[in-house]
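Asker: could you look at this predicted model? Sequence included:
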Amino acid sequence: MARAQKAAGSYEEAKGLAYEVLHSKDGEKNVEAYDLIAQCLEAQGDMEGALWTLRDSASVMPSARRQRLVGECAYRNGDLDTAKECYAKIAKTTKGSITGQPQDLLMLAQIKSDTGEHGDALALLDQAAAQNRHDPQFQNTALALKSQAFARVGDKAQAEATLTRARQALRRPKADFST
C-alpha cells in the first residue's frame, strides 16, 4: 500500500504507512520501509531526512548495498565527506568479495577528485585498472575520471589525451554509468 501511495505521489500517506510497518512487531528490520521513506523524503526535498533514514537502515542491516544507498544519497546531495566515508568502507569490506562492484571504486575515485584529492583518485584508478582490465565499461569510465583529475590539476595536454582515449574506447554512446 505504501508503494502504491508513493507511486501516486501521495508521499505523506506513503511515509505514514511505512512508519506503521517500522513500528510493528519486528518491523524495524524492514529495510524496504526505510528505503520508501527515504525516497519520499527526497521527493519532497528533505535531503537531510532521506540521508538520515538511509543511515538508520544501514545500522539495522549493515551491508554493502545499504552503504551504497547512503553513499549515493550523500553524493547526490553534496555531502562528499559522508559519500567518501561510505565508498571507502565499501571498497575495504568488499575487496576480493563477490559483493564488490567496479562502480564502487569508480565512485570513490570521482569523490576523491571532487574533494581535491586528485593524486589519490589517479592512484586508486591505476590500482583498480589491473583488477578490472577485462571490463570495458570500467576502463572507459576510469579514463573519463582520469581526464577530469588531470584537468583539475591543470595538466590540459594529459586531460585531452586521456579524454580522447576514453571517447575512442566508447564505441556507441549509451545511457549507462560509463557514459
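Answerer: Here it is on my side, so go on.
Asker: what's the distance between the residue of the chain most remote from its centre and residue 16?
Answerer: Distance from the centre of the chain peaks at residue 25, with 31.6 Å (CA atoms, centre = their mean). According to CB to CB, to the nearest Å, residue 25 and residue 16 sit 18 Å apart. C-betas here are computed from N, CA, C, even on glycine.
Asker: can you pull up the most central residue in this structure?
Answerer: The central residue of the chain, meaning the one whose C-alpha is nearest the mean C-alpha position (CA atoms, centre = their mean), is residue 72 at 3.4 Å.
Asker: excluding chain neighbours, what is closest to residue 110?
Answerer: residue 145 (5.8 Å; CB to CB, 6 or more residues apart in numbering).
Asker: can you tell me the element the one you found falls in?
Answerer: Secondary-structure element containing residue 145, defined by DSSP states H and E: helix 136-152.
Asker: CA atoms of that helix as PDB?
Answerer: As requested, C-alpha coordinates have been extracted for helix 136-152 and formatted as PDB (Å, rounded to 0.1, in the frame of the first residue of the first chain):
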ATOM      1  CA  PRO A 136      35.500  -2.200 -20.900                       C
ATOM      2  CA  GLN A 137      32.900  -0.100 -19.000                       C
ATOM      3  CA  PHE A 138      35.300   0.200 -16.100                       C
ATOM      4  CA  GLN A 139      38.100   1.200 -18.400                       C
ATOM      5  CA  ASN A 140      36.100   3.800 -20.200                       C
ATOM      6  CA  THR A 141      34.800   5.400 -17.000                       C
ATOM      7  CA  ALA A 142      38.300   5.300 -15.400                       C
ATOM      8  CA  LEU A 143      39.700   7.100 -18.400                       C
ATOM      9  CA  ALA A 144      37.000   9.800 -18.200                       C
ATOM     10  CA  LEU A 145      37.700  10.200 -14.400                       C
ATOM     11  CA  LYS A 146      41.400  10.400 -15.100                       C
ATOM     12  CA  SER A 147      40.700  13.100 -17.600                       C
ATOM     13  CA  GLN A 148      38.800  15.100 -15.000                       C
ATOM     14  CA  ALA A 149      41.600  14.700 -12.500                       C
ATOM     15  CA  PHE A 150      44.200  15.800 -15.000                       C
ATOM     16  CA  ALA A 151      42.100  18.800 -16.000                       C
ATOM     17  CA  ARG A 152      41.600  19.800 -12.300                       C
END
